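Sequence first, predicted model second:
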Amino acid sequence: MKAGVIVFPGSNCDRDLAVALRAVGAEVTMVWHKETALPAGLDLVGVPGGFSFGDYLRCGAIAARAPVMRAVADFAHDGGHVLGVCNGFQVLIEAGLLPGALMRNAGLKFVCARAPLSVGTSDSAYTRGYARSENVVFPIAHHDGNYLADPETLARLEGEDRVAFRYRDNQNGSMNAIAGVLSRNRRVLGLMPHPERAVDPVHGGVDGQRLFAGLAAAAAAGEPQYA
Amino acid sequence: MKARVHVTLKRGVLDPQGEAVRHALGALGFAGVEGVRIGKVIELDLDETDAEAARSRVGEMCEKLLANTVIESYSVELA
């Protein structure tokens, strides 16, 4: 698997994401936000967590308009896999690659915890290694993860089986306890919890490993096929 | 020409910060505050001198960056 990890000023989980990807055999290239093209032949683009551009204006808003994001949007529209974690999820939403919005946590507090989650669907490269409704634990660390969407969007996400993960203990007030959502083609995943912080026993758990392993397996099987 | 953009959460979108401020006002004895909404004010200094052109330009800025129109609405004042 060839993966590119985007780096913005203020990204701070970019290296963690690279470590998690390399652990499943990926060849990882870090891609600076000012690039206008992605390296050739990528199977996956990772948009990491952190505080891109200091969370100025709105979380992810400025990063979503960075030059490299046009290339990421083209990559997604061509059927590429794009994974956004935490601030990366906020960036993908601001870039219009995933629906809805991420608001200030309902309790107004920054939440930092090992979050019990339930797998919403196993129908994606990211979640094929998990059983539907399986309980997993990924760390969370965010201030603005309160997922909101209009009723039609929510109904569509549920109807199309696009909720990848849900909180079992909804600490941020997200609608339908949504922790992560898939795009319509199931190739773009955004989630607030950090699977890359659960890939080594010293992390306190390895529940995130299967997400990266699923991507590596998809790449090895030649998915997705690009035009 | 200066433009002032007000960005606020759309009606119907819960504003947790506004709610916290409403509770704090109640705790200070300011009774009767039925709602608080918190927004942003963005002041822009433009070299444009034509009001209509400025208004349309700032509207475009709001749509593309200054507001997240999924959850926020905006208004533009020129001075």
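Looks like it came in fine. Keep in mind the model is a prediction, meaning the values are calculated, not measured. Numbering: from 1, shown residues only, chains lettered A, B, ... in the order given.

Going along the chain, name the helices of chain B.
Counting by DSSP state H, chain B has helices at residues B:16-27, B:51-61.

cool, chain A as well?
Remark: helices assigned in chain A by DSSP H are A:14-22, A:67-77, A:87-94, A:151-159, A:209-220.

all strands for the chain, in order.
Since you didn't name a chain, this refers to chain A. A:2-7, A:27-32, A:44-47, A:81-85, A:101-103, A:111-119, A:135-142, A:146-148, A:163-167, A:178-182, A:188-191 (DSSP state E).

wait, chain B
Using DSSP E, strands in chain B cover B:2-9, B:39-45, B:72-78.

quick one, which of those is packed in tightest?
strand B:2-9 (a mean of 18; mean count of other Cβ atoms under 10 Å in any protein chain shown). All C-beta atoms are positioned from the backbone trio N, CA, C, and that covers glycine.

Contacts only, for A:A76.
A:45, A:82, A:97, A:183, A:187-188 (Cβ atoms under 8 Å, 6 or more residues apart in numbering or on different chains).

from the residues you listed, which two are the most distant?
Maximum pairwise distance among those (Cβ to Cβ): 12.8 Å, between A:V45 and A:S183.

Among the two, which residue is more densely surrounded?
A:V45 (25 against 20; other Cβ atoms under 10 Å in any protein chain shown).

mind checking how far that one is from chain B?
Look at A:V45 and chain B: by Cβ to the nearest Cβ, to the nearest Å, they are 22 Å apart.

pretty sure that residue contacts A:V7?
No - counting by Cβ atoms under 8 Å, A:V7 is not a contact partner of A:V45; they are 11.8 Å apart.

shared neighbours of those two, anything?
By Cβ under 8 Å, 6+ apart, A:V45 and A:V7 have these common neighbours: A:V31.

and chain A, which residues reach chain B?
Listed as neighbours of chain B in chain A under the rule Cβ under 8 Å from any Cβ of the partner chain: A:57-58, A:61-62, A:65, A:94, A:100-101, A:103-108, A:146, A:148, A:173.

filter those residues to the buried ones?
If you count burial by 16 or more other Cβ atoms under 10 Å in any protein chain shown, the buried members of the residues of chain A next to chain B come out as A:57-58, A:61-62, A:65, A:94, A:100-101, A:103-106, A:146, A:148, A:173.

any weak-confidence spans in the chain?
This is for chain A. A:225-227 (pLDDT under 70).

I was after chain B.
Judged by pLDDT under 70, no stretch of chain B qualifies at all.

For it, which residues are neighbours of chain A?
B:13-14, B:16-17, B:20, B:64-66, B:68, B:70-71.

how about these, which pair is most distant?
B:A20 and B:K64, at 30.3 Å, using Cβ to Cβ across the residues of chain B next to chain A.

who's more crowded, those two?
B:A20 (15 against 10).

wait, the more buried one sits on A:L108?
Yes - proximity of B:A20 to A:L108 meets the contact threshold set by Cβ under 8 Å, at 5.7 Å.

Centre of chain B to the edge, which residue is at the far end?
Here chain B reaches farthest from its C-alpha mean at B:G29, the gap being 26.9 Å by Cα atoms, centre = their mean.

how near is that residue to A:R58?
34 Å (Cβ to Cβ, to the nearest Å).

Please apply the same query to A:W32.
Taking Cβ to Cβ, one finds A:W32 at 22 Å from A:R58.

How about chain A: which residue is closest to chain B?
A:A101 (4.5 Å; Cβ to the nearest Cβ).

Correct me if wrong: that residue contacts A:I93.
Yes - between A:A101 and A:I93 there is a contact at 6.3 Å, judged by Cβ under 8 Å.

quick one: contacts for residue 71?
Looking at chain A here, since you left the chain open. Contacts of A:A71 by Cβ under 8 Å, 6+ apart are A:35-38.

Chain B, not that one
Going by Cβ under 8 Å, 6+ apart, B:I71 touches A:101, A:103, A:148, B:9-10, B:13.

any idea how far B:H6 is from it?
15 Å.

What about B:L65, how many residues nearby?
The tally of other residues near B:L65 (other Cβ under 10 Å) stands at 15.

If you drop the residues flanking it in sequence, what lies closest to it?
Spatial nearest neighbour of B:L65, excluding adjacent residues (Cβ to Cβ, 6 or more residues apart in numbering or on different chains): A:R65 at 6.1 Å.
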